[in-house]
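Colleague: please work out how this folds:
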Amino acid sequence: MGKKIYCGNLGYGVSSADLEALFAEFGEVLSADVIMDRDTGRSKGFGFVEMQRDDAAASAIAALDGSQHEGRPLKVNEAKPRESRGGGGGGGGRGRRW
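Modeller: Numbering: from 1, shown residues only. Now for the predicted structure:
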């Protein structure tokens with residue numbers, strides 16, 4: 001199983017293909033996705049990369065964390081599982097009358 005990596009502080013012009021190319025020099029990249037804002041379609045400035053091998057992921061993290069890319073210092077580390085943000089919304093209940 002591959003290792004998932006978080007890559008933050010990306011320039012807003014960086015595409016998923018750019019992200020894949022950045023990490024490919026360290027080993028086989030299974031996936032590379034820049035996260036986009038649903039409403040604006042613009043990059044949120046971070047993404048995730050999944051590497052085939054754990055040692056390649058470790059090498060990429062060591063080499064790229066803090067390095068400059070498009071004039072910005074990258075933040076690169078092992079991705080953590082997404083925390084639950086709690087259950088959906090729903091009306092907030094102070095006995096509203098319609």
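
Colleague: which ones are touching the residue nearest the centre of the chain?
Modeller: Central residue of the chain (C-alpha atoms, centre = their mean): Gly47, 2.3 Å from the mean position. In this structure, Gly47 makes contact with Cys7, Leu10, Val14, Ser16, Leu19, Ala32, Asp33, Val34, Ile35, judged by C-beta atoms under 8 Å, 6 or more residues apart in numbering. All C-beta spots, glycine's among them, are computed from the backbone N, C-alpha and C.

Colleague: give me the beta-bridge partners of it?
Modeller: For Gly47, the beta-bridge partners are Cys7, Val34 (DSSP bridges).

Colleague: what do you get for the one 4 residues further on?
Modeller: Counting by DSSP bridges, Met51 is bridged to Lys3, Val29.

Colleague: what segments of this protein are helices?
Modeller: For the chain, helices defined by DSSP state H occupy the ranges 16-24, 54-64.

Colleague: low-confidence ranges in the protein?
Modeller: Filtered on pLDDT under 70, the chain yields the residue ranges 1-2, 86-98.

Colleague: let's see 50
Modeller: Within the chain, the set of residues satisfying pLDDT under 50 is empty.

Colleague: picking that back up, from the contacts of Gly47, keep the buried residues only.
Modeller: In the contacts of Gly47, burial by neighbour count holds for Cys7, Leu10, Val14, Ser16, Leu19, Ala32, Val34, counting by 16 or more other C-beta atoms under 10 Å.

Colleague: just give the closest residue to Pro73, not the sequence neighbours.
Modeller: Nearest residue to Pro73 in three dimensions, chain neighbours excluded: Gly66, at 5.6 Å (C-beta to C-beta, 6 or more residues apart in numbering).

Colleague: shouldn't the one you found be in contact with Asn77?
Modeller: No. Using C-beta atoms under 8 Å, Gly66 is not in contact with Asn77, being 10.6 Å away.
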